[in-house]
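1. here are the coordinates; sequence isn't available:
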């Protein structure tokens, strides 16, 4: 009874803190929704007088009753192409430049449509036909071939032809502007569009040969009986999970509960470095995905560049780390069976990415090779002893920080925030190994997962309230930082709090 009274009050305090954060996030969301609704009734006359503090310009590009919109990486919302006005540019020149950088479309600025807040909205017409996929995506949008745009994969996930009437306020970066989109579109002259079903002739000889194999694979799968097709789709979905970031986070949390802080930090360090390598290589090679060239191949969502397959690379490293932890150095049978299982999981991940039409075969093969090389590096650098020291995490933090500054990729900013969070939390780690009963393990898992969910939800809500990219980026990075601190320091605190001194090693 004495132990129970000593145990539960601190745990309940943490639960209460988690509940408070969740409640605060919920109230913040409601207040933001109410504010957005109030803004919708504000009327702004078109062609207002130019504001003295004009800072931005944007282009409306139209075809029929659809307009060109970009899907932004940071805000994760749609907007019309636009950005800040540089000192050396006029507003119209800035609108033209931003349209080219974000969509790859060379446009002519036709006329001013409206001054909206501190931005100038222009009607623009593409000087060349816009190359658009004939196949609609699930949300009835047509993707534009834009992977050669300067900001693609850095600021822009994808470029679409979108009907403004199909948009929900929450989907658009500036929800108070959705009422004006249709008017702006109808005042803009039409741009010419060319719809395509296959532009594989623009690919390299290797990719053209691979597309033949991928098409045959897709045709075989699509011609299966319905029951077999359902089993195949389900299997591909399951095999693909090990490359999904949310799944990797849950896996890291599970490792923390089962094997303790050292194993968790090893997997976290490997994940951070692997994502860093993958994103840097994608930015260097700038290769399109298969469904950019043949839209009918798409059977899953993916954005950015193709080479290498980030999912396959991450799966290779994760399952390889499991093999090294549980099987390497054990009996011949255990090592062999473990290697077979890991190989099947990695190969399955690679096949799933090809099945979804988001990667070439060469993307996945290269990812497996790179993953094996990284595993050899990790086996020497991120040992259970070294990973608890500050030297390794200082190096990772400096590396990710330098990458964030050089590449300006949002993903690298988040990786830097995660690395910094671990580095600053290392002093909280328990000095030795501690044992917990099953019930206390469950309690620790519930508290940490609840806290993680509350932090993620809170900062997602806060980030969505801003229309300024840098603020949104900062909020998401802060969330990643605090989530990491919570996971590392929170795990350490709970271990010290719940460990039974009588059974501690």
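-> Done, it's in. All of these numbers come straight from a predicted model, not from anything done at the bench.

2. In the chain, where is pLDDT below threshold?
-> Applying pLDDT under 70 to the chain flags the ranges 1-52, 138, 432-438, 498-505.

3. what about 50?
-> Residues of the chain that meet the criterion pLDDT under 50 lie in 1-46, 503-505.

4. Which parts of it belong to which domain?
-> Using automatic domain parsing, the domain ranges for the chain come out as 56-196, 203-384, 389-505.

5. Compute the number of surrounding residues for residue 445.
-> Residue 445 has 17 neighbours, counted by other Cβ atoms under 10 Å. To be clear about C-beta, it is placed using only N, CA and C from the backbone, and glycine gets the same treatment.

6. is it true that it touches residue 257?
-> Yes. In terms of Cβ atoms under 8 Å, residue 445 counts as a neighbour of residue 257; the distance is 5.0 Å.

7. Output the contacting helices and strands for the longest strand along the chain.
-> Longest strand in the chain by number of residues, with DSSP state E as the criterion: strand 107-116. Helices and strands touching strand 107-116, by 3 or more Cβ pairs under 8 Å, 6 or more residues apart in numbering; DSSP states H and E, are strand 56-63, helix 91-103, strand 119-126, helix 178-186.

8. can we see that at 6 Å?
-> When contacts are defined as 3 or more Cβ pairs under 6 Å, 6 or more residues apart in numbering; DSSP states H and E, strand 107-116 sits against helix 91-103, strand 119-126.

9. how far is the longest one from where the chain is centred?
-> For helix 91-103, the separation from the chain centroid amounts to 25 Å (computed by Cα atoms, centre = their mean, to the nearest Å).

10. contact partners of stretch 146-161?
-> With contact meaning Cβ atoms under 6 Å, 6 or more residues apart in numbering, stretch 146-161 is reached by 66, 69-71, 73, 101-104, 132, 141-144, 288, 292, 303-305, 409.

11. Could you list the buried residues of that stretch?
-> 146-147, 149, 151-161 (16 or more other Cβ atoms under 10 Å).

12. Tell me which two of these sit farthest apart.
-> Using Cβ to Cβ, the two most remote members of those are 154 and 161, lying 21.8 Å apart.

13. Count the neighbours of residue 262 for me.
-> Look at residue 262: counted by other Cβ under 10 Å, it has 19 neighbours.

14. contacting residues for it?
-> Going by Cβ under 6 Å, 6+ apart, residue 262 touches 384, 388.

15. mind checking which helix or strand it is in?
-> Assigned by DSSP states H and E, residue 262 belongs to helix 261-285.

16. Secondary structure class of residue 431, three-state.
-> For residue 431, the assignment made with DSSP: H, G, I helix; E, B strand; the rest coil gives coil.

17. chain center to stretch 264-274, what's the gap?
-> Centre-to-centre, stretch 264-274 and its host chain are 17 Å apart (Cα atoms, centre = their mean).

18. contact partners of it?
-> Contacts of stretch 264-274 with the rest of the structure, by Cβ under 6 Å, 6+ apart, involve 248, 252, 255-256, 313-314, 317, 321, 378, 382, 387, 415, 419.

19. tell me which residues in that stretch are buried?
-> So, applying 16+ other Cβ under 10 Å, buried residues of stretch 264-274: 264, 265, 266, 267, 268, 269, 270, 271, 272, 273, 274.

20. and if you look at stretch 183-197?
-> Residues 184, 185, 187, 188, 191, 193, 196 are the ones in stretch 183-197 that count as buried (16+ other Cβ under 10 Å).

21. Tally up the residues packed near residue 399, please.
-> Using other Cβ under 10 Å, residue 399 has 17 neighbouring residues.

22. Surely it is within a helix?
-> Yes. The assignment for residue 399 by three-state DSSP puts it in a helix.

23. excluding its backbone neighbours, what's nearest it?
-> Of all residues not flanking residue 399 in the chain, residue 276 sits nearest, at 7.0 Å (Cβ to Cβ, 6 or more residues apart in numbering).

24. circling back to that earlier point, now the helices and strands packed on strand 107-116 in JSON lines, with mean neighbour count?
-> Shown next, in JSON lines, are the helices and strands packed on strand 107-116 (neighbours: other Cβ atoms under 10 Å):
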{"stretch": "helix 91-103", "mean neighbour count": "23"}
{"stretch": "strand 119-126", "mean neighbour count": "24"}
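
25. Turn those into JSON lines, including distance to residue 229.
-> Shown next, in JSON lines, are the helices and strands packed on strand 107-116 (distance: least, Cβ to Cβ, whole Å):
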{"stretch": "helix 91-103", "distance to residue 229": "36"}
{"stretch": "strand 119-126", "distance to residue 229": "40"}
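
26. out of these, nearest to residue 484?
-> Counting by Cβ to Cβ, residue 484 lies closest to helix 91-103 out of the helices and strands packed on strand 107-116; the figure is 31.2 Å.

27. Report the angle between that closest one and strand 56-63.
-> If you take axes from the mean of the first three to the mean of the last three Cα atoms, to 10 degrees, helix 91-103 sits at 60 degrees to strand 56-63.

28. Please list the residues outside helix 91-103 that contact it.
-> Here helix 91-103 has contacts from 57-59, 70, 81-83, 85, 105-107, 109, 120, 122, 146, 149-151, 156, 159, using Cβ under 6 Å, 6+ apart.

29. cool, stretch 325-340 as well?
-> residue 323.

30. From the opening residue of it to its closing one, how far?
-> Start-to-end span of stretch 325-340 (Cα to Cα, to the nearest Å) is 15 Å.

31. Any buried residues in that stretch, and which?
-> The neighbour-count check on stretch 325-340 (16+ other Cβ under 10 Å) flags 327, 338 as buried.

32. Thank you kindly, that will do.
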